[in-house]
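1. quick one, fold the following:
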Amino acid sequence: MSKKKYSRIFSAFSPQPVVHHAHRVSKKVHKSVQNSSAHVAFFIIVYLILLIPLFFALVLSAYKDLSATREKRASIEKQLRYWQAVTQAHPDFPDAYYQAALYAIQLGENEKAVDFLHKALLYDPYFKKAENLLLELKKE
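-> As a prediction, the model looks like this:
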């Protein structure tokens, strides 16, 4: 028998070093870690694909709400300017002061509203709506 043949026979019966077995196990563990990392990365990508459009939808909705709020405020400011112009053109018209007060309240300008209501009551001391609104504002 040749020397190569004996080496094959002996190597078949000789115990394999532990290092080789550990190396095979570590390769399997490494592959499973790679697989689990790939799964985690896959799920993260899927969640991001699902969440990013949701995030943009929320941002767009908030932008639209802000835009609508600005438009509403601009409309209220326009109405207030209109009623202020009416009070200047007709200073003895108490309803104009009352309307101006209502719009001033909507803008959060309560002191200005109180001034308008005082002027409305100056021209019509029996103006109940203006009286009641003035009492409400003074309670706050």
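2. which helix runs longest in the chain?
-> Longest helix in the chain, counting residues (DSSP state H): helix 18-89.
3. what is the burial count for R73?
-> R73: 13 surrounding residues under other Cβ atoms under 10 Å. (Glycine included, C-beta is placed from N, CA and C.)
4. residue contacts, it?
-> Residues near R73 by Cβ atoms under 8 Å, 6 or more residues apart in numbering: L107.
5. measure it to A130 for me?
-> 24 Å (Cβ to Cβ, to the nearest Å).
6. also A100?
-> Applying Cβ to Cβ to A100 and A130 gives a distance of 11 Å.
7. over to L54?
-> 49 Å.
8. tell me which of these two has more neighbours.
-> A130 (24 against 9).
9. give me the pLDDT for that one.
-> Looking at A130, its pLDDT reads 94.
10. helix, strand, or coil at it?
-> When classified by DSSP: H, G, I helix; E, B strand; the rest coil, A130 comes out as helix.
11. that one contacts P94, doesn't it?
-> Yes - in terms of Cβ atoms under 8 Å, A130 counts as a neighbour of P94; the distance is 6.8 Å.
12. overlap of the contact sets of these two?
-> Common contacts of A130 and P94 (Cβ under 8 Å, 6+ apart): 120-121, 124.
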